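> pasting the sequence and the predicted coordinates here, then a few questions.
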Amino acid sequence: MLSQPIQSSFKLPNGAEVIIETGKLARQADGAVTVRQGNCILLATVVANKDPKEGQDFFPLSVDYQEKFASAGRIPGSFFKREARLNDYEILTSRLIDRALRPLFPEDYLCDVQVLISLVSSDPEILPDALACLAASAALAVSDIPIKEIISEVRIARLDGKFIVNPTRTELDQSDCEFLIAATEKNLMMVEGEAKECSEEDLVNALQIAHDAIRVQIKAQADLRDKKGVTGKRDYKKPEQNEDIQKKVYAFAKDKVYEISKSASAKSERYEAYGILKDELIASLGEDVTDGEKKLAKKYYEDLKWEVVRNMMLDDRIRLDGRKLDQVRPLAMEVEPLPSPHGSALFTRGETQSLTTVTLGTALDQLLIESAAKSEYSKFILHYNFPPFSTGEIKMMRGPGRREVGHGNLAMRSLKQMMPDDSVYAYTTRIVSDILESNGSSSMATVCAGSLALMDAGVPFPKHVSGVAMGLITRDDGKYAILTDILGDEDHLGDMDFKVTGTRDGICGVQMDIKVDGLSMEVMREALNQAKKGRLHILDAMYECIPEARTEVKPHTPRMEKLIIDKEFIGAVIGPGGKVIQEIQRVTGTTVNIEEIGNYGEVSIFSADKEGLEKALAWVRGLVAVPQVGEVYEATVKSIKEFGAFVEFLPKKEGLLHISEISWKRLETMDGVLKEGDKIKVKLLGIDQRTGKFKLSRKVLMPRPEGRGEREDERNNNGSAE
């Protein structure tokens, strides 16, 4: 018999109730909860090994978020009809949860921990990812797994100038900015989101509102934990320590690490010098040292480097590559380094380099994005590749990992803010960033290179978007240093790393991980303002490289024309079984796409051949054209009769060109006058209101013979209609 479940609940600022429950499902897990809002239900479980693996020296946390298709009454569209590997949306949600949870565990805790969150019931208006981190934290809170604090996460969006906590799908679609924010009772932990050029102060306000809402959720989790009776956390085996070895390492290497860190500006030189010093350190310990003591010495050596470099930056205001704290590395950029892509750019900042291409495709190239709640198409795609040679390493090439998905998503969301609306820009746009060198912030290089390449491709991209990665180092005595354009090592050493993208007028994207307690909003404001200064510096260089989007696409880029037609003509363009549209594409060598939008149809025609594009455009216009009396048309002779010729003057529209309307000269017979397939110009003289037949003339487009009067023409025309 099931035990009585335990519940705790709270209300969101909009009045919606959220219920957290434990004790009913997945009871063999160390911690398991369900989180419910409306019909949206998430199940979160957490399990941890009691002891670390032998010799393990890192914390193996794995987080997986998955949406069950049954939650929305759907069957997966894959061949096997079952949920397979996580899609990009699920990977991104998993990363958000991982980044928020990881700092909660003690630094000396090395046991395997697995967190699984599943969407088991879907609500069309409730966004489950905003509740997923709450569910994961609650599962940890009701377990005996050692964590330092409880956290939660909310989404905040701005609609009509007002910030909303955990907006509905409809509200989110109408908002101009959105951020996912995780925090403990006292401190922010993680921020990620996008905006249509919001100010730094707007972001700070969003963080404050979100933090107030998070505190309510943390209180509900603590209440659930107390109701369950969780009073303590399990003991765990701590890594071995040796104070004597630590003292020897510090005594031998501290001053030498400082000299290397201060003098070796290039990454390769610094790494080589660090490596030589480590070998000398191990040799200095003597021949009697054990393998375990050597391993500890190497660990203490890494700890020493972390401490020395941080203090160097705080006390001496010296960075690893010799820059000032707010200085951006040297910039080099060019557009069109590659001749064949539709757009390309090479962006280099210090030892980080991105080669980025833009490809323009048709509506048929759109990306299908499928989740449990819905399937939708995207016409803007960005892929980020991080090959091992970019850091001088050898690794197996196994396709994009979670890091590549996450970095690409940040760049995509940032550039998307400046993309023209789908309703006026029919191209599908794919950006690919290949990182050729990396020493810090390759995702920000992707944003900059992507912006340059889009303008090079002739995409109507109104403003450049740049990005810069920032770092923060703090100390217990209150000293802190904010670093602009951080290196890879500075990212590892810092207490906060955050990436900010935007135009000259505001922020477009942000990703922030905070590892320090007690970060004040004033320090946050200072960091954001310093980031703005760095962003503007990079933007100035980008505008010098290419000041605006090219007015024309490249000669080898598919041209695009768009027609808006009445809904009633869509069938005429498509034809029975697609016969007409297929014939247009086959004859003209174009790609034609039709979308029904409300009461009209949108016809997009693509072709790299200008002549074929114009031919297809004229063909479609003819199919949807309404014959106008007095207009001149180019007609094709379809059949010859003794009294004239039937001609097609618009697609699928034929009329009689009477023998008397072919020439000013009186014709006794049609022999030798016209033949089938001839192209002639005709004028529409009238439409019989009773029969709907068209009266056409060719001779009125010819010069009238001298002395020929209109009365004579009228006599000759008597009886000319069929």
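Looks like it arrived, so ask away. Numbers count the residues shown, from 1 in each chain.
> burial of the nearest residue to residue 298 once chain neighbours are set aside, as a residue count?
In space, and not counting its chain neighbours, residue 298 is closest to residue 278: 6.7 Å by CB to CB, 6 or more residues apart in numbering. The way it works is simple: take the backbone N, C-alpha and C, and place the C-beta from them, glycine included. For residue 278, the neighbour count with other CB atoms under 10 Å is 18.
> next one: the one 5 residues further on
Neighbour count for residue 283, taken as other CB under 10 Å: 10.
> also the one 10 residues further on?
A count of nearby residues for residue 293, using other CB under 10 Å, gives 18.
> also the one 3 residues further on?
Counted with other CB under 10 Å, residues neighbouring residue 296 total 21.
> show me where the stretch 51-200 of the chain has its helices.
Applying DSSP state H, counting those that start in this stretch to the stretch 51-200 of the chain gives helices spanning 88-101, 129-141, 169-173, 200-228.
> to residue 340, which of the ones you listed lies closest?
Proximity to residue 340 (CB to CB) singles out helix 88-101 among the helices of the stretch 51-200 of the chain, at 27.8 Å.
> show residues contacting that closest one.
61, 63-67, 86, 115, 117, 129, 132-133, 136-137, 140, 151, 153, 180, 182, 189-190, 192, 369, 371, 402, 405-406, 409, 513 (CB atoms under 8 Å, 6 or more residues apart in numbering).
> just say which of the helices of the stretch 51-200 of the chain is most tucked in.
Counting by mean count of other CB atoms under 10 Å, helix 129-141 has the highest mean neighbour count of the helices of the stretch 51-200 of the chain, with a mean of 29.
> and that one, how far from the chain's centre?
Helix 129-141 sits 24 Å away from the centroid of its parent chain (CA atoms, centre = their mean, to the nearest Å).
> report the angle between it and helix 88-101.
Angle of helix 129-141 versus helix 88-101, following axes from the mean of the first three to the mean of the last three CA atoms, to 10 degrees, is 40 degrees.
> would CSV of the helices of the stretch 51-200 of the chain with mean pLDDT and distance to residue 438 be doable?
Shown next, in CSV, are the helices of the stretch 51-200 of the chain (pLDDT from 0 to 100; distance: least, CB to CB, whole Å):
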stretch, mean pLDDT, distance to residue 438
helix 88-101, 95, 19
helix 129-141, 97, 29
helix 169-173, 94, 33
helix 200-228, 96, 27
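> rewinding a little: my read is the residue nearest to residue 298 is in a strand, agree?
No. Counting by DSSP: H, G, I helix; E, B strand; the rest coil, residue 278 falls outside a strand, being helix.
> related to what we said a few turns ago, do you know which of the helices of the stretch 51-200 of the chain lies nearest residue 568?
Counting by CB to CB, and looking across all of the helices of the stretch 51-200 of the chain, nearest comes helix 169-173 at 30.0 Å.
> elements contacting the closest one?
Helix 169-173 sits against strand 152-159, with contacts defined as 3 or more CB pairs under 8 Å, 6 or more residues apart in numbering; DSSP states H and E.
> okay, and the most centrally placed residue in the chain sits in which element?
Nearest to the geometric centre of the chain sits residue 412, at 3.1 Å (CA atoms, centre = their mean). Following DSSP states H and E, one finds residue 412 within helix 402-416.
> and the contacts of helix 88-101, which are buried?
Among the contacts of helix 88-101, the ones that count as buried by 16 or more other CB atoms under 10 Å are 61, 63-67, 86, 115, 117, 129, 132-133, 136-137, 140, 151, 153, 180, 182, 189-190, 192, 371, 405-406, 409, 513.
> pretty sure the residue nearest to the centre of the chain contacts residue 378?
No. Taking contacts as CB atoms under 8 Å, residue 412 lies outside contact range of residue 378: 9.2 Å.
> show me the contacts for residue 434.
Going by CB under 8 Å, 6+ apart, residue 434 touches 354, 355, 356, 385, 387.
> where does the residue nearest to residue 51 when sequence neighbours are not counted sit: helix, strand or coil?
Counting by CB to CB, 6+ apart, residue 237 is the residue found nearest to residue 51 once chain neighbours are left out, at 5.4 Å. Secondary structure, three-state DSSP: residue 237 is coil.
> tell me where the stretch 401-550 of the chain has strands.
428-437, 466-474, 480-484, 496-503, 506-514 (DSSP state E, counting those that start in this stretch).
> quick one, what contacts residue 494?
Going by CB under 8 Å, 6+ apart, residue 494 touches 471, 472, 473, 483, 486, 515.
> okay, it: pLDDT?
According to the prediction, residue 494 has pLDDT 87.
> any idea how far residue 183 is from it?
19 Å (CB to CB, to the nearest Å).
> span of stretch 537-556 from start to end?
For stretch 537-556, the first-to-last residue distance is 34 Å (CA to CA, to the nearest Å).
> how far does that stretch sit from its chain's centre?
Centroid displacement of stretch 537-556 relative to its chain, using CA atoms, centre = their mean, is 21 Å.
> and residue 645, what element?
Secondary structure assigned from DSSP H and E places residue 645 in strand 644-650.
> list of residues touching that strand?
Residues from elsewhere that reach strand 644-650 (CB under 8 Å, 6+ apart): 622-623, 625, 627, 633-639, 654-662, 670, 674, 680, 682, 684, 694, 696, 722.
> of the residues you listed, which belong to strands?
With DSSP state E as the criterion, strands contain 633-639, 654-658, 680, 682, 684, 694, 696 from among those.
> would you list the buried entries among those residues?
633, 635, 637, 654-658, 680, 682, 684, 694, 696.
> shaky segments in the stretch 501-650 of the chain?
518 (pLDDT under 70).
> quick one: the helices in it, in order.
All helices of the stretch 501-650 of the chain, identified by DSSP H, counting those that start in this stretch, fall at 521-545, 570-574, 579-588, 610-624.
> among those helices, which is nearest residue 364?
Nearest to residue 364, of all the helices of the stretch 501-650 of the chain, is helix 579-588, at 11.0 Å by CB to CB.
> got the buried residues for that closest one?
For helix 579-588, the neighbour count (16+ other CB under 10 Å) marks 580, 581, 584, 585, 588 as buried.
> quick check: residue 614 vs residue 581, distance?
From residue 614 to residue 581 the distance is 17 Å (CB to CB).
> no, scratch that, I was asking about residue 444
Distance, residue 444 to residue 581, using CB to CB: 44 Å.
> so residue 546 touches residue 458, yeah?
No. Under the criterion of CB under 8 Å, residue 546 makes no contact with residue 458, lying 11.1 Å away.
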